[in-house]
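**Student:** Attaching a predicted model along with its sequence, questions to come.
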Amino acid sequence: MLCPYCGHDDSHVIDSRDAGDGIRRRRECLQCGLRYTTYERVQTTALSVLKRDGRREEYNHDKLHNSIIVACAKRPLATGAIERIETDIEEQLQSLGRAAIRSSAIGEMVMERLRSLDRIAYIRFASVYRDFDDLETLRSEVEAMLSASQPRTPPENQGTLFPLEENNRGKSRRGRPLKHQRNLRKRLKPNVS
C-alpha cells in the first residue's frame, strides 16, 4: 500500500475495524509518519454492464459513485448516505447472481434510492439518466414526483382527530373554560373602578 502523502510503500496498521461490507484499516506511513485510512472489501465476481447501444463494459464502482456525487452536490445529506446507497445497490447487484446487468437497471436502482433520499438529487440524476430533451419532459417528471408525494385528502365522512372549531378549544367536557384559562382571563382583565 503506497502512502498517499509521500508515496512510500511501507506502513503499519494502527487500527482495524469492521466496516459493514469490509474492513477499515488505519495506517501510519513509516517514512513520513502521517496517517491514512484504507478500506478492504471482498472482491466479488466480475459483473458486466450491458449498455444501451449493446456494448458490454466491466462494472465500475467509480462511475456509480461519481454519478451519485454529482446528483447530490451541495445537498444537505446525512453523513454516509451516499456510501449507503452505493453499498445497497452493489449488494443488490451481487444478490441477483447474474454475470451481466443492463445499465438501465442500475440507473433505476439509483433513482429509486435518490427519490426517497432527496428529491432535488433525484431530479438532477433523472435529467441526465433519462436525457430529457426539453423542459416539458422535465416538468412532467417533477409534477409526477410532486403528485406522488402530496398527502391524500381524507374522505368526507371521516372525522377529525382534533376539532378545529375555535369555540371547542380550551373548554372542559361541560363546555366551561378550563381553570388555567379562567385565571389567565382574570389577570388580563383591565381593572375598571
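**Tutor:** Happy to help now that I have it. Keep in mind that this is a model prediction, so the values were computed, not measured. Numbering: from 1, shown residues only.
**Student:** Just want the phi and psi numbers for the residue nearest to the spatial centre of the chain.
**Tutor:** By C-alpha atoms, centre = their mean, the mean C-alpha position of the chain lies nearest to Leu117, the distance being 2.9 Å. Per-residue torsions, Leu117: phi -90, psi -50 (degrees, to the nearest 10).
**Student:** Cys3 contacts Thr38, doesn't it?
**Tutor:** No - assessed by C-beta atoms under 8 Å, Cys3 is found out of contact with Thr38, at 10.7 Å. To be clear about C-beta, it is placed using only N, CA and C from the backbone, and glycine gets the same treatment.
**Student:** Pick out whichever of these two has more residues nearby.
**Tutor:** Under the criterion of other C-beta atoms under 10 Å, the comparison of Cys3 against Thr38 puts Cys3 first, with 20 against 15.
**Student:** residues contacting that one?
**Tutor:** Cys3 makes contact with 9, 11, 29, 31-32, 34, 36, according to C-beta atoms under 8 Å, 6 or more residues apart in numbering.
**Student:** need the residues you listed in CSV with secondary structure, pLDDT and distance to Ile85, can you?
**Tutor:** Converted to CSV, the contacts of Cys3 look like this (DSSP: H, G, I helix; E, B strand; the rest coil; pLDDT from 0 to 100; distance: C-beta to C-beta, whole Å):
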residue, secondary structure, pLDDT, distance to Ile85
Asp9, coil, 92, 33
Ser11, strand, 94, 30
Cys29, strand, 95, 32
Gln31, coil, 94, 36
Cys32, coil, 95, 34
Leu34, coil, 96, 30
Tyr36, strand, 94, 24
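**Student:** All set now, cheers.
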